[in-house]
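Colleague: Please find the sequence and the predicted model below.
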Amino acid sequence: MDLIIDLGNTNQKLAIFREGELLEVMQFPKIGLKQIREATRQNKGLVHCILSSVVAHHDSMINYLATRFQFFLLDENTPLPIKNCYQTKTTLGKDRLAAAVGGNHYYPGQNVLVINAGTCITYDFVNDEGEYLGGAISPGIVMRFKALHTFTGKLPLIDFIEEDNLTGNDTAGSILSGVLNGTLAEIEGITARYSEIYPNLKIIISGGDVNYFDKRLKISTFAVPNIVIHGLQKILTFNVIKAC
């Protein structure tokens, strides 16, 4: 059994896999040794573990994992089941890399664009030769609301609610329209440009806001709520086999 640890900017997750099948995903504001030990206690068959982090983590966590499991820490030197062609590998977010591996797993031998809509909206492209070429990063929905409030004198901070109005008839409604319709237009525009270059492009959408976008995008997408988790498990399996 595999333990997957994903320490993201907003949410942090523990996931349990058995023979490649996702059994459970647990989400926390912050993961420490307490949460890891509890997951270990409840899942006696855990043998392998991978940690991916885009935030700071304590050495005590690494030490515990390294002594308890066959452990891998995802970094720019970790062997991958795809070819990483990114020019600045040390600055590449581990979540983006895992999402690319996950996309390649779902559509091997095909051009695939993975859109991960969370704190940021990331676009990660893997071609039909299994090469990760990179992508794009833009602000997520909540970040856009916060930016309008922070960098203006009077615009209020709006909570994210599902809204479909094109024309806002008050300030709150106008902000909702601008942010939500603007984000939808961004995603549809970027995917259209990729599709012009790669006509048989497969598109995966994931992340915390996946349900909002999946229902509204006027493009063909495959929703995978935990694409990063799945990608991390594939990286883990690849390294376990490689170590044998």
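Modeller: Okay, I see it.
Colleague: sec struct for the spatially closest residue to residue 68 that is not a sequence neighbour, please.
Modeller: Spatially, and ignoring its direct neighbours in sequence, residue 68 is nearest to residue 40 (6.7 Å; Cβ to Cβ, 6 or more residues apart in numbering). Where you see a C-beta, it was placed from the backbone N, CA and C, and this is true even at glycine. Three-state call for residue 40 (DSSP: H, G, I helix; E, B strand; the rest coil): helix.
Colleague: who are the neighbours in contact with residue 40?
Modeller: 3, 46, 68 (Cβ atoms under 8 Å, 6 or more residues apart in numbering).
Colleague: helices or strands up against the helix or strand encompassing residue 99?
Modeller: Assigned by DSSP states H and E, residue 99 falls within helix 94-106. Packed against helix 94-106 by the contact rule (3 or more Cβ pairs under 8 Å, 6 or more residues apart in numbering; DSSP states H and E) you find strand 48-53, strand 112-117, strand 120-126, strand 131-139, strand 202-206, helix 227-243.
Colleague: For the last one, list every residue counted as buried.
Modeller: Read it as helix 227-243. Counting neighbours by 16 or more other Cβ atoms under 10 Å, one finds that the buried residues in helix 227-243 are 227-239.
Colleague: Looking at the protein, name the residue that lies furthest from the middle.
Modeller: residue 169 (34.5 Å; Cα atoms, centre = their mean).
Colleague: which of the contacts of residue 40 are buried?
Modeller: In the contacts of residue 40, burial by neighbour count holds for 3, 46, counting by 16+ other Cβ under 10 Å.
Colleague: Restricted to helices, list the contacts of residue 40.
Modeller: Among the contacts of residue 40, DSSP state H puts residue 68 in helices.
Colleague: Any chance of CSV for the contacts of residue 40, columns distance to residue 209 and pLDDT?
Modeller: Shown next, in CSV, are the contacts of residue 40 (distance: Cβ to Cβ, whole Å; pLDDT from 0 to 100):
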residue, distance to residue 209, pLDDT
3, 26, 96
46, 30, 93
68, 34, 92
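Colleague: Looking at the contacts of residue 40, which is nearest residue 54?
Modeller: Distance to residue 54 across those (Cβ to Cβ) is lowest for residue 3, with 18.4 Å.
Colleague: Dig out what that closest one forms beta bridges with.
Modeller: residue 16, residue 49 (DSSP bridges).
Colleague: What of residue 116?
Modeller: Counting by DSSP bridges, residue 116 forms beta bridges with residue 122, residue 206.
Colleague: ok, it - contacts?
Modeller: Residues in contact with residue 116 (Cβ under 8 Å, 6+ apart) are 95, 96, 99, 122, 124, 205, 206, 207, 227, 228.
Colleague: what do you get if the cut-off is 7 Å, keeping everything else the same?
Modeller: 95, 99, 122, 206, 207, 227, 228 (Cβ atoms under 7 Å, 6 or more residues apart in numbering).
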